[in-house]
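Colleague: Output the structure for:
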Amino acid sequence: MSSGTIQPRFSPAIPARKAFSLSERARPLRRSDEETGRILTTVLALGIVAFALFALISSIVILVRVFSPVPFWDQWLVIGLLRPGQFTLANLWDFHNEHRYLIGRLLALADIVLFKGQSLSLHAEVFAFQAWELLIFTWLIRRFTHLSRPILISLLGVLLYCMFSPLQMENFAWSWQSGFVLVSCAATTCFASALWYATAPQRRNLALAVCLLTALIAEASLANGLLVWPLLLFMGVALGFRKRDLLLILGVAAAAIAVYFPGYHTPPLHAHPTASMQNPLGLLKFMVTYLASSWDIHLPNASAFPLPSESLTFLVVIGAVAGALSCLREQETRVLAFRTFLFTNMLFIVGTALMTALGRLNFGYVEATSSRYQTFALVFWACAAVWGATRLNELRTHWRVVAAAQAFVLVLLLGTPPRYYALERIFALRKAELFSGYEDLARGDLKSPAIPKLFFIPQWLPGYLQILRAHGAEPRLGMPELLEANIRSYHITAPSACTGHIDRTAYDGPPGYAVAGGWAWDLLDHKAPPRMIVVSQTTGAIAGWNWPSVNRPDVMKVNPNVKVSTIGFNISFHANGPGPYAVYALFGHDHLACQIGSDFLLQ
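Modeller: As a prediction, the model looks like this:
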């Protein structure tokens, strides 16, 4: 044993700390900086997911409220294909405006023939297409990235929001719009299959077949599906496809494009592309508005100076173009290959916005904010979010930067709900117009002012209705019996069967029209009546109808019998003279009608 200093075998014990005083015991222990960051980023991530779920539920609730089985506008045209000799490939492939709407027509016809024409299958398909696209993004993120948990949860919430946001309600509420959703789904599937081809050599032939099939589906859905072909070739070059496969894609693309354009002409009222190209700044502004309106309610911008949302969108577009060009160099990692997919999908949306601008610039910049374009715009932002998330994760950014990015996204999301309810009001009004027009059509009243709301050539409608009836596909409005022409067809109940009040009667709207407003409650079934009508007391003719859809919380406060607030109504009706008129509530059974208030005269 050495005579020197003996080294201890174990580390010296840590001296006992002084016991806490009572004041010290009352202080909470301070968390480490990392623990604070983990908690905060997790809370923000869960907040994003919670809002995305709220948006999904809002879309479903609004769709249920505004759902209409009545065909609207272009949707009537496809019914003519069920006439003898009309169901041909040439007619299916014929132009619908600038689109070859082959698959959309087939889906609409299948709904009539197989599902009795109530549009339920079409709405289910729209949500299925969106769900499939969400699954593709989720699968690619799990396969090609290794994100931290808060970033991954946040990103999945953003993707869920982008796929099911109520901002795209026109594509959810109008079943004819299935093509808008399908083309986006097909393009994403095509580009994902190209990525699969490059990273799974043993599955190349299958992946290539999926690429070609989904590119054809995109072309047969909307005109912007044509963009999938050059972008698929771009991905093939960037990801190192075999030359023979590139030649195959090129040959199929050339053939597909060659059969698309014969017979093409600029649709009536649309801008000619060459005329739009003479205004490049206008095209750019339209494209930026198209994308930025996902987040900014103040667009279109009337000022010559861009708003912050427009500037940021422009920078993201430039970044996507630059990122796509950088993908042409050799792909070194799976993450870089994944970015090729993201940038290609973003270029598809940018190209879609440009094609829309070329044909619709003459409609003004407000056209770019249309709800139907949000399906594409939100896919652009979904790709941008994935791109940003992967960069944050790669740079191992401090948690404060991650939290700031999460908070920024959450603020953007929280600014969108007021637009949901504005869209709901728009489509609720359309539903009322469609129901009113359809009942007039079913009674043979083609002179009704509601008929042109259904279709732009009213004299064709009786023929289309006969076809629907022949297939058992006449729309079921989900109301009491088909509205009769005269109140004498109903059994009038005792006044004690209902309660309500007429608050307003006046001439309003086009010449010869008036409005009656108030509230009503069914005391027999203890609910709002399914439908309200205005009747001419001179002839008994039903002059107009609507259903209670106006919130009246003031009535609930003073009337204990009323259990819900949506009992208010506003009925626009055709006024043949000053009256007298009366308002009746129709009950959901036995052709019952109960008068609300007293007869009234218009002044």
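
Colleague: How about the residue nearest to residue 507 when sequence neighbours are not counted: which residues does it bridge to?
Modeller: Distances taken as C-beta to C-beta, 6 or more residues apart in numbering place residue 514 nearest to residue 507, at 4.9 Å, with adjacent residues excluded. Using the backbone N, CA and C atoms, a C-beta is placed for each residue, glycine as well. Counting by DSSP bridges, residue 514 forms beta bridges with residue 507, residue 573.

Colleague: so how many other residues sit close to residue 514?
Modeller: Using other C-beta atoms under 10 Å, residue 514 has 22 neighbouring residues.

Colleague: Next up, the contacts around it.
Modeller: 505-508, 572-573, 575, 602 (C-beta atoms under 8 Å, 6 or more residues apart in numbering).

Colleague: Narrow those residues to just the buried residues.
Modeller: 505, 508, 572-573, 575, 602 (16 or more other C-beta atoms under 10 Å).

Colleague: Could you measure from the residue nearest to residue 507 over to residue 502?
Modeller: 12 Å (C-beta to C-beta, to the nearest Å).

Colleague: Which of the buried ones among the contacts of residue 514 sits closest to residue 585?
Modeller: Nearest to residue 585 out of those is residue 573 (C-beta to C-beta; 15.1 Å).

Colleague: name the element the closest residue in space to residue 503 that isn't next to it in sequence belongs to?
Modeller: What sits nearest to residue 503 in space, not counting adjacent residues and going by C-beta to C-beta, 6+ apart, is residue 518, at 4.5 Å. Remark: residue 518 resides in strand 513-522, with elements defined by DSSP states H and E.

Colleague: Tell me the pLDDT of residue 471.
Modeller: pLDDT, residue 471: 92.

Colleague: Repeat that for residue 224.
Modeller: Looking at residue 224, the pLDDT reads 95.

Colleague: mind checking the SS state of it?
Modeller: Secondary structure, DSSP: H, G, I helix; E, B strand; the rest coil: residue 224 is helix.

Colleague: Report the contact partners of it.
Modeller: Counting by C-beta under 8 Å, 6+ apart, residue 224 has contacts 183, 218, 348, 351-352, 355-356, 376.

Colleague: Quick check: the two most widely separated of these?
Modeller: 218 and 356 (15.6 Å).

Colleague: neighbour count winner among the two?
Modeller: residue 218 (29 against 22).

Colleague: still on that earlier bit, dump the contacts of residue 224 to CSV, plus pLDDT and secondary structure.
Modeller: Shown next, in CSV, are those (pLDDT from 0 to 100; DSSP: H, G, I helix; E, B strand; the rest coil):
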residue, pLDDT, secondary structure
183, 97, helix
218, 97, helix
348, 98, helix
351, 97, helix
352, 97, helix
355, 96, helix
356, 96, helix
376, 97, helix
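
Colleague: Am I right that residue 357 is in contact with residue 276?
Modeller: Yes. Judged on C-beta atoms under 8 Å, residue 357 makes contact with residue 276 at a distance of 6.5 Å.

Colleague: Between those two, which has more neighbouring residues?
Modeller: The residue with more neighbours, out of residue 357 and residue 276 and counting by other C-beta under 10 Å, is residue 357; that gives 26 against 20.

Colleague: Could you tell me which residues make contact with that one?
Modeller: Residue 357 sits in contact with 276, 282-283, 286-287, 290, 368, where contact means C-beta under 8 Å, 6+ apart.

Colleague: ok, so of the residues you listed, who is nearest residue 449?
Modeller: Among the contacts of residue 357, and counting by C-beta to C-beta, the member closest to residue 449 is residue 368, at 30.9 Å.

Colleague: Tell me which two in the buried ones among the contacts of residue 514 are the farthest apart.
Modeller: Farthest pair in those, by C-beta to C-beta: 572 and 602, 12.9 Å.

Colleague: what pLDDT does residue 384 get?
Modeller: Reported pLDDT for residue 384: 97.

Colleague: thought it was touching residue 346?
Modeller: Yes. With contact defined as C-beta under 8 Å, residue 384 counts as touching residue 346 (6.8 Å).

Colleague: all strands of the stretch 51-200 of the chain, in order?
Modeller: Ranges of strands in the stretch 51-200 of the chain, per DSSP state E, counting those that start in this stretch, are 95-96, 99-100.

Colleague: Could you do the stretch 351-500 of the chain as well?
Modeller: Counting by DSSP E, counting those that start in this stretch, the strands of the stretch 351-500 of the chain are 491-492, 498-507.

Colleague: For residue 242, which of those strands is the nearest?
Modeller: Among these, strand 498-507 sits nearest to residue 242 (C-beta to C-beta), with 72.9 Å.

Colleague: buried set for that closest one?
Modeller: In strand 498-507, counting by 16+ other C-beta under 10 Å, buried: 498-500, 502, 505.

Colleague: right, and out of those residues, which lies closest to residue 115?
Modeller: Nearest member of the buried residues of strand 498-507 to residue 115, counting by C-beta to C-beta, is residue 498, at 36.5 Å.
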